[in-house]
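[1] Sequence and predicted structure below; questions after.
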Amino acid sequence: MTTDARDPDSFAALDAAGRAAAGDLARRAAQLDAWLALTGHGPVPGALVRLPMLSGSMAPALPCGCELAIDPLGAARARVGDVVVLRLDDRLVAHRVLAWRRRGGRRWLLEHGDANPHGAWQPADRVVGLVVGARATDGLELPPPHSRRRALRGLWRHLRAALAGRLGAAADSTFDPGIRT
């Protein structure tokens, strides 16, 4: 099929395709800016940051592909049951807070993906944002991600796995977060 440059329908189709491509490029640029801000490589915006959930570790509460609304300035007010975004090396990970602990002058949190068998202790300074909402791939808003019940269930699963010895050498860190760095 050929397009005639004089045909107004051809111009409309090309214009619509161009706008769609520009919109996709703008969305990807916004995601890159958000990622850079949360990893400390760019300015932290004053508004919510939106990024896609790229794994199933928080399913079913936050399914793979949903868009997370992240408050980059809300990390300090995160509490048990909240879903936080952690910076782990060059990755951003969204997991639920199961417990907080202070050890050696530092604050630690036990984080856990709802679909994972066990959690891990992380220094609180790795928290770069608080997940305050999410939107499914079909555009519908998901229920708020905060859940003390899911946190208690995750803590029970983590402790049960540690007591059964399935965590290997990391089982020691389950009860003493100060040994992990």
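    Received it, and whenever you're ready, just let me know what you need. This is a predicted model, so every value here is computed, not measured. Numbering: from 1, shown residues only.
[2] Low-confidence ranges, the chain, go.
    In the predicted model of the chain, residues 1-46, 166-181 satisfy pLDDT under 70.
[3] run the last query once more with 80
    Within the chain, the set of residues satisfying pLDDT under 80 comprises 1-47, 73-75, 165-181.
[4] Sketch out the helices for it, chain order is fine.
    Defined through DSSP state H, the helices belonging to the chain, from first to last, are 8-38, 148-163, 171-175.
[5] could you check the angle helix 148-163 makes with the lengthiest strand in the chain?
    Ranked by residue count and defined by DSSP state E, the top strand of the chain is strand 91-103. Orientation of strand 91-103 against helix 148-163 (axes from the mean of the first three to the mean of the last three C-alpha atoms, to 10 degrees) gives an angle of 80 degrees.
[6] Now strand 91-103: buried residues?
    With burial defined by 16 or more other C-beta atoms under 10 Å, the residues of strand 91-103 counted as buried are Leu92, Val93, Ala94, His95, Arg96, Val97, Leu98, Ala99. Where C-beta positions appear, they are placed from N, C-alpha and C, glycine not excepted.
[7] tell me what that strand is packed against?
    On a contact count with 3 or more C-beta pairs under 8 Å, 6 or more residues apart in numbering; DSSP states H and E, strand 91-103 meets strand 83-88, strand 106-112, helix 148-163.
[8] mind putting those in a markdown table, distance to Gly139 and mean neighbour count included?
    Rendered in a markdown table, the data for the helices and strands packed on strand 91-103 read as follows (distance: least, C-beta to C-beta, whole Å; neighbours: other C-beta atoms under 10 Å):
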| stretch | distance to Gly139 | mean neighbour count |
| --- | --- | --- |
| strand 83-88 | 20 | 22 |
| strand 106-112 | 28 | 21 |
| helix 148-163 | 24 | 16 |
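[9] Nearest approach to His118 belongs to which of these?
    Taking C-beta to C-beta as the measure, the helices and strands packed on strand 91-103 were each checked against His118, and helix 148-163 came out nearest at 4.4 Å.
[10] Kindly export the closest one (C-alpha atoms) in CSV.
    Output for helix 148-163, consisting of C-alpha atoms alone and laid out as CSV, is shown next (Å, rounded to 0.1, in the frame of the first residue of the first chain):
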residue,chain,number,x,y,z
ARG,A,148,-0.1,-4.8,58.4
ARG,A,149,-1.7,-8.2,57.9
ARG,A,150,0.5,-9.0,54.9
ALA,A,151,3.5,-7.7,57.0
LEU,A,152,2.7,-10.1,59.8
ARG,A,153,2.2,-13.0,57.4
GLY,A,154,5.5,-12.2,55.7
LEU,A,155,7.3,-12.0,59.1
TRP,A,156,5.9,-15.4,60.1
ARG,A,157,7.0,-16.9,56.8
HIS,A,158,10.5,-15.4,57.2
LEU,A,159,10.9,-16.6,60.7
ARG,A,160,9.6,-20.1,59.9
ALA,A,161,12.1,-20.3,57.0
ALA,A,162,14.9,-19.1,59.2
LEU,A,163,14.1,-21.7,61.9
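[11] All set, thanks.
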